[in-house]
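Q: Please work out how this folds:
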Amino acid sequence: MMQREITAGVVKERRDPRLVNSRLRQAGICRGWKNQFGIAGSLRTAFSEVCPAAHSALVTYHLTLLTPVWSILIAVFGYLAARDLRWLWMVNLMIALHYFTDHFDGKLGKFRDTGLRKWGFYMDHLFDYGFLCSILIGYSFLLPQKAVFSMMLVLCVFSAFMFHTFLMLAATEEFKVSFSVFGPTELRIALIIINGLLVRFGARPLKGALPYVALCGTLALALLAYRAQKRLWKSDTQAKAASAAGEERLVVGG
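A: Have a look, this model is predicted:
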């Protein structure tokens, strides 16, 4: 009898629109959000429907632990694409699945208040780095041996963006993964488009494009680093000036 009452209470709680919307707002996926344009808006709407309906057996860390699965399959499909480029469509599917699970794990944890904050932060970004490596490993099977150096340059540049993100987190306590209008979502979209072009036109243009990708990434990283150090310099000088002014007031007052 008691179990039935508890179950009924949980079902009622899930169906209560006010409670559901409150939790959606806390998770950052409220149905009432404005400026829900394009893909981001559509996904917020989708998540607002999926979170309340997700089965109780589905836990946030289950979704986090799916990232290595997608990464391994990307490398496998990249290997198979060396013989038939149509396998890149399966790579695109893995990228789309990773996008869904990578976004949904945190949203589900916040919605249910069952997220593992520190564990999730560490594992999520560790797996994201593995995901990036799997993309480049998959492409390496399509390239001649001479292009490996260019591939390593691209890996270094994109890894530096992640390194920059964590340095800024330590320095400013702000975590920002998007740079200007380009972020993880745009990167995934770009990869899907690139894979489609490779299926259509072949892998030969990929070799020639890698040095330019590395160059453009390096220039963007240099601009990002310049802006970051300028911001931090200003913050430090303002803090020092405020500290000196405070000490001067203490001396005068004393």
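Q: shaky segments in the stretch 101-250 of the chain?
A: 106-115, 180-181, 247-248, 250 (pLDDT under 70).
Q: Helices of that one, start to end?
A: With DSSP state H, counting those that start in this stretch, the ranges of helices along the stretch 101-250 of the chain come out as 117-140, 148-172, 184-201, 204-253.
Q: Identify, out of the ones you listed, the most deeply packed stretch.
A: Most buried of the helices of the stretch 101-250 of the chain, by mean neighbour count (mean count of other Cβ atoms under 10 Å): helix 117-140, with a mean of 17. Every residue, glycine included, has its C-beta placed from N, CA and C.
Q: Okay, angle between that one and helix 148-172 too, please.
A: Orientation check (axes from the mean of the first three to the mean of the last three Cα atoms, to 10 degrees): helix 117-140 against helix 148-172 gives 160 degrees.
Q: Show the secondary-structure elements that helix 117-140 is packed against.
A: The elements that helix 117-140 packs onto, with contact taken as 3 or more Cβ pairs under 8 Å, 6 or more residues apart in numbering; DSSP states H and E, are helix 60-64, helix 67-81, helix 88-112, helix 148-172.
Q: wait, which of those is closest to Leu191?
A: Checking the helices and strands packed on helix 117-140 against Leu191 by Cβ to Cβ gives helix 88-112 as the closest, at 5.8 Å.
Q: Need the nearest residue in space to Tyr129, chain neighbours excluded.
A: Among residues not flanking Tyr129 along the chain, Met162 sits closest, at 6.3 Å (Cβ to Cβ, 6 or more residues apart in numbering).
Q: Return the residues in contact with the one you found.
A: Met162 makes contact with 125, 128-129, 132, according to Cβ atoms under 8 Å, 6 or more residues apart in numbering.
Q: Now for Arg86, how many residues are close by?
A: Residues contacting Arg86 under the criterion other Cβ atoms under 10 Å number 10.
Q: so when I look at it, I'm seeing a strand, right?
A: No. With DSSP: H, G, I helix; E, B strand; the rest coil as the criterion, Arg86 is assigned helix and is not in a strand.
Q: residues touching the closest residue in space to Ile95 that isn't next to it in sequence, list them.
A: Of all residues not flanking Ile95 in the chain, Arg188 sits nearest, at 5.3 Å (Cβ to Cβ, 6+ apart). Neighbour list for Arg188: 95-96, 98-99 [criterion: Cβ under 8 Å, 6+ apart].
Q: go on, Val148?
A: Ser140.
Q: hang on, the earlier thing: as TSV, the helices and strands packed on helix 117-140 with distance to Lys240 would be great.
A: TSV is the format used below for the helices and strands packed on helix 117-140 (distance: least, Cβ to Cβ, whole Å):
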stretch	distance to Lys240
helix 60-64	41
helix 67-81	42
helix 88-112	37
helix 148-172	15
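Q: For Leu198, which of these is the nearest?
A: Proximity to Leu198 (Cβ to Cβ) singles out helix 88-112 among the helices and strands packed on helix 117-140, at 5.8 Å.
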